[in-house]
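*Asks:* No sequence on hand, only this structure:
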């Protein structure tokens, strides 16, 4: 058996590391900006491009896909080559993966502030970018599977399974959730409507957390933690169970984002049960990680790499315990739509993804540049200020979430709401928002310290672009194996297919009945498609990211129907959303729910409120939208919008396009007249008129026949 | 056509039951398999990350 000489490609890892650090800083800076906007709305700068609704998705996309995404690629490209004892199958594919991914990030950074968005969380990018993501992801997949096929190590280490599952599942999630009908080059409507759209979106959203933020990082944990501690993982058997259990169960849990919503009850229950079951594999994985350090805890005291990793794995354990608890209906009734959820995701984001990335970078950079870390002291400083940052971030938001939720639900002895004005429950928690921003600032300072430290480390060493290695070639015939998993590990394609089947079962069982059995979404006679003007208004609502702060889902609680629909006491029904492409239920109430806002206020109220929210609601933290008064809707786009909506199933009659302009101008002039009665002059084609038309329509359909 | 067939499915309540059965069977099999694992193979797999074939192992040089 002769040894073959070859070289590991470090250049591609270096490129991804640089991108990770840069986009990490950018993403955190945008995060800090929106955190400040929440207590100091002037920080929106009165510009459309920097308002909260548009740059909140910029923050989430930058952190998830640019920071964590690049860190994942860096970690995978380094460890995969070494675990398989081979260079990547194609340097060209590696570089297409790198530059393609950075181009996608660039297009996101341009399109999101411009208001080009689908509004579906973590899938906001419009259809041309969606196609680019799919292509680049496939390039990554070919590179990954190709490298596995030409490996020199017969068996695939558990980290590699996590990488395979990540590739397969993200591909499926992205494609299914991005099915949309283009209206123009930068605008599309979701193929799905209302409840179905919500189910698909949160199946995607939940599993984006699972398969973009969790499984690749578990793979990284199973590689870098043993490497950093210089001892093998505690239990390899348990890592096998961890893997299969996690990918099998995770995919089912999506509906826990939609508890008490208009989603059918059986689907909600399914989501809850599988979420609770997730505790087992998640904690198995966490304990496996921590127990790997048994007998090495003295090292943790000295090595910043291990410190970061220990906190990361602990944060993983905390958020994967908290997640199932939040999916219990009684806990969810309190936590949903509040800052508790924001705290929860940041334990995962700042603690698990952030700290594991930092630990990995502190370990990789000295090795790749053949030197030692510039300053351990500075890395320790980063560790402590980062940890403090997480605490200052999360604790105030837990407090804020609890406080606000209890205030929403508080009734007086006379049976009326104690805090009927939503704004009271917001101003109450503003000090918590300030503390949260401080936490974010501390965390960002730590990341800046790391950047400095890593740059000086690299400068002190010499970059090893190609690292020499040698290993025996893979024997042609596999030794006869009876043990099933050994066979699986040796057959990467079969393994990939099985992983795909495991994740498809859950999705199919959830989707098929909701999509194909009519009784799951009872239709309501009086619910009609939007008028052309309302369609324009709805698109403005989507463009401005109103859904970032306003839900459109009144849950069936007394405290909610009394607050949002005091006259008719109607909670939101599934049948009300059948023409909503996409759905706009939202996931956070920084402002009040809007599903029953139609006809609640006069047109002039909305006019003044959009011009300057504080005139109608003193102390409001909503930013003003002055540009809606100067910009005009694109009349020519009307026909395209209608025919796209018809394609996705909205029953506009043939030829409706020809009538649309007349219908639109008559509805606009009604609004113009009503505003003029209140002494306001406005152009009928200005965006504010369309937006008012949409807002006044919301949730009014079911009241027509009363 | 498959749409019509599925639309005629009566008891949608059976879906969660099916889900649980699939899950349960899957898990029992998984655990049986893992218990039957060959110890030597497991040990070899565990140590994979430590032997990556690099000629100048940086971690040894750096004494970390």
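*Replies:* That came in fine, so what should we check first? The model shown is predicted, which means the values in this text are computed figures rather than measured ones.
*Asks:* C-alpha from now on. contacts and neighbour counts both.
*Replies:* Will do.
*Asks:* Grab the longest helix from chain B for me.
*Replies:* Counting by DSSP state H, the longest helix found in chain B is helix B:14-35.
*Asks:* could you say what helices and strands the next helix-or-strand element following that one packs with?
*Replies:* As assigned by DSSP states H and E, the chain's next helix or strand after helix B:14-35 is helix B:39-46. With contacts defined as 3 or more CA pairs under 8 Å, 6 or more residues apart in numbering or on different chains; DSSP states H and E, helix B:39-46 has these neighbours: helix A:236-250.
*Asks:* For chain A, give me the ranges with low pLDDT.
*Replies:* Residue ranges of chain A with pLDDT under 70: A:1, A:476-490, A:513-521, A:704-706.
*Asks:* can you check chain B too?
*Replies:* B:1-13, B:15-16, B:56-64.
*Asks:* in it, what residue is nearest chain A?
*Replies:* residue B:54 (4.1 Å; CA to the nearest CA).
*Asks:* wait, what's in contact with the residue of the stretch 351-500 of chain A found nearest chain B?
*Replies:* As assessed by CA to the nearest CA, chain B sits closest to residue A:469 within the stretch 351-500 of chain A, at 4.1 Å. Residues near residue A:469 by CA atoms under 8 Å, 6 or more residues apart in numbering or on different chains: A:5, A:6, A:7, A:8, A:85, B:52, B:53, B:54, B:55.
*Asks:* Looks like the third one contacts residue A:466 (just checking).
*Replies:* This means residue A:7. Yes - here residue A:7 reaches residue A:466: they are 5.5 Å apart, a contact under CA atoms under 8 Å.
*Asks:* Looking at the two, which is more packed in?
*Replies:* Between residue A:7 and residue A:466, counted using other CA atoms under 10 Å in any protein chain shown, the more crowded position is residue A:7 (18 against 14).
*Asks:* so the more buried one, which of the three states?
*Replies:* Following DSSP: H, G, I helix; E, B strand; the rest coil, we place residue A:7 in the strand state.
*Asks:* Please give me every residue in contact with it.
*Replies:* Contacts of residue A:7 by CA under 8 Å, 6+ apart are A:86, A:87, A:466, A:467, A:468, A:469.
*Asks:* returning to that earlier point: bridged to the residue nearest to the residue of chain B closest to chain A when sequence neighbours are not counted, which residues?
*Replies:* Spatial nearest neighbour of residue B:54, chain neighbours left out: residue A:469 (4.1 Å); criterion: CA to CA, 6 or more residues apart in numbering or on different chains. Beta-bridge partners recorded for residue A:469 (DSSP bridges): residue A:6, residue B:54.
*Asks:* Return the distance of residue A:469 relative to residue B:31.
*Replies:* 37 Å (CA to CA, to the nearest Å).
*Asks:* likewise residue A:445?
*Replies:* Relative to residue B:31, and taking CA to CA, residue A:445 is found at 46 Å.
*Asks:* for residue A:524, same thing?
*Replies:* Counting by CA to CA, the gap from residue A:524 to residue B:31 is 48 Å.
*Asks:* Same check on residue A:106?
*Replies:* From residue A:106 across to residue B:31, the span is 46 Å (CA to CA).
*Asks:* give the contact list for the residue nearest to the spatial centre of chain A.
*Replies:* By CA atoms, centre = their mean, chain A has its centre lying nearest to residue A:122, at 3.7 Å. Neighbouring residues of residue A:122 by CA under 8 Å, 6+ apart: A:57, A:60, A:61, A:205.
*Asks:* In helices only, show me those residues.
*Replies:* Judged by DSSP H, the subset of these located in helices is A:57, A:60, A:61, A:205.
*Asks:* Make TSV from these and add distance to chain B to it.
*Replies:* Listed next are those as TSV, based on distance: CA to the nearest CA, whole Å:
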residue	distance to chain B
A:57	34
A:60	33
A:61	32
A:205	21
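*Asks:* would you turn the residues you listed into JSON lines with neighbour count and distance to residue A:242?
*Replies:* As requested, these are exported to JSON lines (neighbours: other CA atoms under 10 Å in any protein chain shown; distance: CA to CA, whole Å):
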{"residue": "A:57", "neighbour count": "27", "distance to residue A:242": "32"}
{"residue": "A:60", "neighbour count": "19", "distance to residue A:242": "28"}
{"residue": "A:61", "neighbour count": "24", "distance to residue A:242": "28"}
{"residue": "A:205", "neighbour count": "22", "distance to residue A:242": "22"}
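*Asks:* Redo the residues you listed as TSV? Include distance to residue A:390.
*Replies:* TSV is the format used below for the ones in helices among the contacts of residue A:122 (distance: CA to CA, whole Å):
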residue	distance to residue A:390
A:57	21
A:60	17
A:61	20
A:205	23
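*Asks:* out of those, what pair is the most spread apart?
*Replies:* A:57 and A:205 (13.3 Å; CA to CA).
*Asks:* anything in contact with each of these two?
*Replies:* In terms of CA under 8 Å, 6+ apart, residue A:57 and residue A:205 are both contacted by the residues A:121, A:122.
*Asks:* okay, now residue A:689: neighbour count?
*Replies:* 31.
*Asks:* was I right about it contacting residue A:673?
*Replies:* No - here residue A:689 does not reach residue A:673: they are 11.0 Å apart, not a contact under CA under 8 Å.
*Asks:* interface residues of the stretch 151-300 of chain A facing chain B?
*Replies:* A:155, A:157, A:223, A:226-228, A:230-233, A:235-237, A:240-241, A:245, A:266, A:270 (CA under 8 Å from any CA of the partner chain).
*Asks:* mind listing the strands for the stretch 351-500 of chain A?
*Replies:* Counting by DSSP state E, counting those that start in this stretch, the stretch 351-500 of chain A has strands at residues A:466-472.
*Asks:* same question but for chain A, I mixed them up
*Replies:* For chain A, the strands defined by DSSP state E cover A:3-9, A:180-184, A:187-190, A:466-472.
*Asks:* Residue A:425: which of those is closest?
*Replies:* Short answer: strand A:187-190, nearest of the strands of chain A by CA to CA, at 33.8 Å.
*Asks:* and the closest one, which strands flank it?
*Replies:* strand A:180-184 (antiparallel).
*Asks:* which residues touch the strand it pairs with?
*Replies:* Contacts of strand A:180-184 (CA under 8 Å, 6+ apart): A:127, A:188, A:189, A:190, A:191, A:192, A:640, A:641, A:644, A:647, A:648.
*Asks:* Could you work out the most separated pair of the residues you listed?
*Replies:* A:192 and A:640 (18.0 Å).
*Asks:* For those two, indicate the residue with more neighbours.
*Replies:* The neighbour comparison of residue A:192 against residue A:640 (other CA under 10 Å) goes to residue A:192, with 26 against 14.
*Asks:* Test my guess that the more buried one contacts residue A:577.
*Replies:* No - Residue A:192 is beyond contact range of residue A:577, at 10.8 Å (criterion: CA under 8 Å).
*Asks:* If we ignore the residues flanking it in sequence, what's nearest residue B:43?
*Replies:* Closest to residue B:43 by CA to CA, 6+ apart is residue A:236, at 7.9 Å.
*Asks:* give the contact list for the one you found.
*Replies:* Here residue A:236 is in contact with B:42, B:43, B:45, B:46 (CA under 8 Å, 6+ apart).
*Asks:* where exactly do the helices run in the stretch 151-300 of chain A?
*Replies:* A:158-177, A:194-208, A:215-229, A:236-250, A:265-277, A:279-291, A:297-302 (DSSP state H, counting those that start in this stretch).
*Asks:* and what of the stretch 501-650 of chain A?
*Replies:* Under the criterion DSSP H, counting those that start in this stretch, the stretch 501-650 of chain A carries helices at the ranges A:532-543, A:558-564, A:603-611, A:613-616, A:638-647.
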